[in-house]
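[1] I'd like to go over a predicted model; first the sequence, then the structure.
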Amino acid sequence: MNRSSVGALVVDATREPLVSSAGGVLIRQALCCSGLDKTMSAALAPWRSPRAVHDPAKVVLDLAIAVALGGDCAADLAVVRAQPQLFGAVASDATVSRLIATLAADAETALAAIRAARTAARTHVWKRRRPLAGLAGSQVIVDLDATLVTAHSDKQGATPTFKYGYGFHPMLAFVDHGIQGSGEALAGLLRPGSAGSNSAADHISVLDAALAQLPEHERAQVVVRADTGGGVKDFLHHITDLGLQYSVGFYGMPPIVEALSKVPRQAWRAALDGDGLPREGAQVAELTRYLPDTLRGWPAGMRVIARRERPHPGAQLRLTDDNGWRITCFATNTVGWSIADLEVRHRQRARAEDRIRNLKDTGLTNLPFHGFDQNQIWLEITLLAADLLVWTQVLAFHGQPARLWEPKRLRLRLLAVAGRLIRSGRRHYLRLPRGWPWSDLIETGWTALQTT
């Protein structure tokens, strides 16, 4: 025994039948409710050899569960392997490594299979409980954004980045749940660190993959949001050709500065905050009529809206500031909305930054393999892990504060709680700690998953 400096606490070498991730049963049950175990098994059947002990789908899903519980490399699967009472038999590290290498050898086909399984599961979850406000067919907002992932060793495809780092520059797509919750990670494209932020081809590729992830009947009312990296002609023409709406950052200096000088004072309207109330010191105006030459070659129906706001104290001024006003612009093809409401909708694109931060807390902070295609498979696993967390919240905690929790809080309060396994009457029971503040919430979520 080893004595602790905290009171009379003693670490006893006796082992008890405990599990350290008791809340993980919620993820496992949400996975079963979504039907992902069956669809993934069918999708990855071609990669299962006749004498294989472990189903490739089970290996991939176990990796996703390990990442959802807080892992950031394949070796963290040991946490799931150590709890077979909760997660069943788990493959060895060598088996996992061989499977990832096998999938990467035909990465395009393997990724298509995994994504098809995710689409089927997402459709099933949305059929059970649509995570967005409104009826099916109402507005679905898809956010596109890119981020930097640092590589701390020489990996295939890692290159210097525009921020003088070294690593990768993946582009990601999320569906925004709005005030109802967080959001789902739809698609991701792994790119070298030197990849540009305004590549129309990459935006089109990620958007098409994201649309394929949505339930088919939800794809007609999509609004695509992006920062100025998405404000390129070919990308906007692609969105328009699909019959979708967009709201993207627009950079057109100096024509914008010239157009601002032509806007009459009475054309400026008070900007709104997220609650629909006037935002102090901020105004919006439409510039479309003052940019006839600049908008040639852009999609028909495109509108350019400017927002001006007094910089907060201490903010660094920019060359594009106009008479002390901080100017930002965006383009949209939405009609029938007030320009103030359109500006609020576009500004809420900042939620994508939260989605990226959460994804980096769920495995994306580290791309653990050397091969580029292997890391693309890993990126897909992190997207799957993020989906499992969100689907658990959607199905288990509808209408409760836990629906809004970010992954860190969800793990700390619910997933990482210890429990005791006992057997009685030919049944296994998982008992949660007495006095744990969120034990009732875990029980409530479990009950909801049984009846959802």
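    Thanks, I have the structure now. Numbers count the residues shown, from 1 in each chain.
[2] gap between L272 and R347?
    9 Å (C-beta to C-beta, to the nearest Å). For every residue, glycine as well, the C-beta is placed using N, CA and C.
[3] V224 should be in a strand, yeah?
    Yes. Under DSSP: H, G, I helix; E, B strand; the rest coil, V224 sits within a strand.
[4] for it, give me its contacts.
    Listed by C-beta atoms under 8 Å, 6 or more residues apart in numbering, the contact set of V224 reads 142, 144, 207, 230, 239, 244-248.
[5] list the buried residues for stretch 347-365?
    347-349, 351-352, 355-364 (16 or more other C-beta atoms under 10 Å).
[6] I meant stretch 275-290, not that one.
    Buried residues in stretch 275-290 (16+ other C-beta under 10 Å): 279, 282-285, 287, 290.
[7] buried ones among the contacts of V224?
    142, 144, 207, 230, 239, 244-248.
[8] for these, which one is nearest R403?
    Closest approach between the buried ones among the contacts of V224 and R403, by C-beta to C-beta: V142, at 20.5 Å.
[9] hmm, A209 and the closest one touching each other?
    No. Look at V142 against A209 with C-beta atoms under 8 Å: they stay out of range, at 10.7 Å.
[10] what touches both of these two?
    Residues touching both V142 and A209 (C-beta under 8 Å, 6+ apart) are 173, 186.
[11] which residue in the buried residues of stretch 275-290 has the weakest pLDDT?
    By pLDDT, R279 ranks lowest within the buried residues of stretch 275-290, coming in at 84.
[12] where's that residue relative to P264, distance?
    For R279, the distance to P264 equals 21 Å [C-beta to C-beta].
[13] kindly report the same for K233.
    According to C-beta to C-beta, K233 and P264 sit 29 Å apart.
[14] between the two, who's got more neighbours?
    Set K233 next to P264 and count neighbours by other C-beta atoms under 10 Å: K233 wins out with 12 against 7.
[15] quick one, what contacts the more buried one?
    200, 297-299.
[16] in JSON lines, list these along with pLDDT.
    Below are the contacts of K233 laid out as JSON lines (pLDDT from 0 to 100):
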{"residue": "A200", "pLDDT": "95"}
{"residue": "G297", "pLDDT": "90"}
{"residue": "W298", "pLDDT": "93"}
{"residue": "P299", "pLDDT": "94"}
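[17] got a ChimeraX select line for the buried ones in these?
    Only the buried entries of the contacts of K233 go into this ChimeraX selection, using 16+ other C-beta under 10 Å:
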select :200,298,299
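[18] P368: which of the contacts of K233 is nearest?
    Nearest to P368 among the contacts of K233 is A200, at 30.7 Å by C-beta to C-beta.
[19] got phi/psi on that closest one?
    Per-residue torsions, A200: phi -60, psi -40 (degrees, to the nearest 10).
[20] correct me, but it touches V232?
    Yes. Using C-beta under 8 Å, A200 is in contact with V232, at 4.7 Å.
[21] quick one: A350 and D227, what's the gap?
    To D227, A350 is 9 Å away according to C-beta to C-beta.
[22] what residues are shared contacts of the two?
    Counting by C-beta under 8 Å, 6+ apart, A350 and D227 have no contacts in common.
[23] if we can go back for a sec, which of the buried ones among the contacts of V224 sits closest to L430?
    For the buried ones among the contacts of V224, the closest approach to L430 (C-beta to C-beta) belongs to V142, at 37.9 Å.
[24] which residues touch the closest one?
    Shown in contact with V142 (C-beta under 8 Å, 6+ apart): 173-176, 186, 207, 210-211, 214, 222-225.
[25] helix or strand: which one has it?
    Using DSSP states H and E, V142 falls within strand 140-146.
[26] partner strands of that strand, parallel or antiparallel?
    With DSSP bridges as the test, strand 140-146 is paired with strand 171-176 (antiparallel), strand 222-226 (parallel).
[27] on that earlier part again, which ones among the buried residues of stretch 347-365 are found in helices?
    Among those, the ones falling in helices (DSSP state H) are 347, 351-352, 355-359.
[28] can I get those residues in TSV including pLDDT and distance to V25?
    Putting these into TSV (pLDDT from 0 to 100; distance: C-beta to C-beta, whole Å) gives the following:
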residue	pLDDT	distance to V25
R347	92	39
R351	91	29
A352	93	31
R355	94	26
I356	95	28
R357	95	27
N358	95	22
L359	96	24
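[29] domain ranges for the chain, per the record?
    Listed by automatic domain parsing, the domain ranges of the chain are 13-107+368-451, 138-360.
[30] count of neighbours near I204?
    Look at I204: counted by other C-beta under 10 Å, it has 17 neighbours.
[31] my guess is it contacts H238. True?
    Yes. Using C-beta under 8 Å as the test, I204 is close enough to H238 to be in contact (5.0 Å).
[32] quick check: which ranges of the stretch 1-150 of the chain have low pLDDT?
    Low-confidence segments of the stretch 1-150 of the chain, defined by pLDDT under 70: 1-7, 12, 14, 137.
[33] what ranges do the strands span in it?
    Shown for the stretch 1-150 of the chain, the strands assigned by DSSP state E, counting those that start in this stretch span residues 2-3, 10-11, 18-19, 140-146, 149-150.
[34] over to the stretch 151-300 of the chain?
    For the stretch 151-300 of the chain, the strands defined by DSSP E, counting those that start in this stretch cover 159-160, 166-168, 171-176, 183-189, 222-226, 245-249, 269-272, 278-286.
[35] any chance of those strands in CSV, plus distance to R307?
    Putting the strands of the stretch 151-300 of the chain into CSV (distance: least, C-beta to C-beta, whole Å) gives the following:
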stretch, distance to R307
strand 159-160, 34
strand 166-168, 32
strand 171-176, 20
strand 183-189, 24
strand 222-226, 15
strand 245-249, 11
strand 269-272, 6
strand 278-286, 5
